[in-house]
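# next come a sequence and a model predicted from it.
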Amino acid sequence: MSNTVSNNIQHLAVIMDGNGRWARMRGLPRGAGHRAGVKTVRQLIGACEDHKIEYLTLFAFSSENWQRPKKEVSVLMDLFVSTLSKELSELHKNDICLKFIGDLTRFDKNLKQAIEKAEERTRDNKGLKLNIAVNYGGRWDIVNAAKQRAQKVLDGDLAIDKIDESDFSQYLHLSSMPAPELLIRSGGEKRVSNFLIWQTAYSELYFTDCLWPAFDKKELDKAVQWFNSRQRRFGRTPEQVDDDKNIKLA
Ligand code: IPE
Ligand code: IPE
Ligand code: MG
């Protein structure tokens, strides 16, 4: 019975890895891999609509990525600005609502303005909620939430016993959305690299060797098919989950 009801993906999170290796294999500079990766994002957005995915969160730049050579960081920053200016109208036309998560304070004025403009223009759109994680780190997200709650306690406005998982999680990024049911990482590494470490506590983790610029609709279909074959137990036994499904189907 467990395969007769599809799992539902409302929220897909993706670690887009493998751009550099994709470029190197072709004798191209790493920047060419990042540019090719942008094309993949465009295709993925369309494919998400086919799968009725409502929220898509993409890891575009981690807080650790500042450690890359200055030149690569600057290529990436320029690519963010140029992509936003090129794609914004199309995203808006497709009713997509853009949101950036991460510590934006370190970015230069140009990029900050482009981000602000994109969020402002697409704010009321009702289609896909597209979250882009830039200068994002899962640990930073948690520390940031902890600081906000600690301040409330210091101000005398919050009893420490009132802080529980449900209270605390409201101060993390993406708190207004369901937690990602599926996390995909391309590029062959089997790690989370400080992405949404709280929010993916119960996500299904799908790792593929496919390098990000080559990740197409077929690859997404494969990941979704794999996800649909998972039994999500949340601590219960397989029999309990099956019984629950039978009751829902009856
Ligand atoms: C992911 O691809 C893109 C970013 C981190 C910005 P990489 O640039 O990490 O590609 P590889 O892992 O070196 O192939
Ligand atoms: C993770 O990829 C970050 C993004 C995809 C933006 P990395 O290539 O930076 O990850 P590590 O350093 O290999 O773990
Ligand atoms: Mg990488």
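Cool, got the structure. Source: prediction; values computed, not measured. Ligands and ions are numbered 1, 2, ... in the order given.
# can I assume L183 sits in a helix?
No. With DSSP: H, G, I helix; E, B strand; the rest coil as the criterion, L183 is assigned strand and is not in a helix.
# now L211. Nearest residue, chain neighbours left out?
Spatial nearest neighbour of L211, chain neighbours left out: G18 (3.3 Å); criterion: C-beta to C-beta, 6 or more residues apart in numbering. Placement of C-beta: from N, CA and C, glycine included.
# wait, what's in contact with the one you found?
For G18, the contacting residues are 33, 186-188, 210-214, by C-beta atoms under 8 Å, 6 or more residues apart in numbering.
# of these, closest to L130?
Checking the contacts of G18 against L130 by C-beta to C-beta gives W212 as the nearest, at 16.5 Å.
# contacting residues around stretch 100-107?
Contacts of stretch 100-107 (C-beta under 8 Å, 6+ apart): 57, 61, 63, 66, 77, 112, 115, 118-119, 131-137, 140-141, 173-174.
# where does the protein dip in pLDDT?
Scanning the chain for pLDDT under 70 picks out 1-6.
# so which bits of it are right by ligand 2?
Within reach of ligand 2 by C-beta under 6 Å from any ligand atom, the chain has these residues: 15-17, 59-62, 65, 189, 191, 193.
# returning to that earlier point: make a ChimeraX selection of the buried ones in the contacts of G18.
Here is the ChimeraX command that selects the buried residues among the contacts of G18 (16 or more other C-beta atoms under 10 Å):
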select :33,186,187,210,211,212,213
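# which of the contacts of stretch 100-107 fall within strands?
57, 61, 131-136 (DSSP state E).
# identify, from these, the entry nearest to ligand 2.
Relative to ligand 2, the closest of these is F61; by C-beta to the nearest ligand atom it sits at 5.3 Å.
# ok, the nearest residue to that closest one once chain neighbours are set aside - how many residues close by?
Using C-beta to C-beta, 6+ apart and skipping residues adjacent in sequence, the residue nearest F61 is V134, 4.6 Å away. When neighbours are defined as other C-beta atoms under 10 Å, V134 has 23 of them.
# V134 against V81, yeah?
No. If you go by C-beta atoms under 8 Å, V134 and V81 don't touch, sitting 11.5 Å apart.
# residues from the chain in reach of ligand 1?
16-21, 61, 65, 76, 187.
# ok, which stretches of this structure are strands?
11-15, 55-62, 97-101, 129-136, 182-185, 204-207.
# deepest of those strands, which one?
strand 11-15 (a mean of 25; mean count of other C-beta atoms under 10 Å).
# before we move on, the earlier item: relative to V38, which of the strands of the chain is closest?
Each of the strands of the chain was scored for nearness to V38 using C-beta to C-beta, and the closest is strand 55-62 (9.5 Å).
# tell me which residues are up against the closest one.
When contacts are defined by C-beta under 8 Å, 6+ apart, strand 55-62 is touched by residues 10-16, 41, 44-45, 48, 76, 80, 101-102, 128-137, 174, 177-178, 180, 193-196.
# apply 7 Å and report the result again.
Applying C-beta atoms under 7 Å, 6 or more residues apart in numbering, the external contacts of strand 55-62 come out as 10-16, 41, 45, 48, 76, 128-137, 174, 177, 180, 193-196.
# cool, and stretch 64-73?
By C-beta under 7 Å, 6+ apart, the surrounding residues in contact with stretch 64-73 are 30, 194.
# just the buried residues of it, please?
Under the neighbour-count criterion of 16+ other C-beta under 10 Å, stretch 64-73 has 65, 68 buried.
# ends of it, what's the gap?
End-to-end distance for stretch 64-73, by C-alpha to C-alpha, to the nearest Å: 11 Å.
# report the buried residues of stretch 231-249.
Buried residues in stretch 231-249, counted by 16+ other C-beta under 10 Å: 241, 245.
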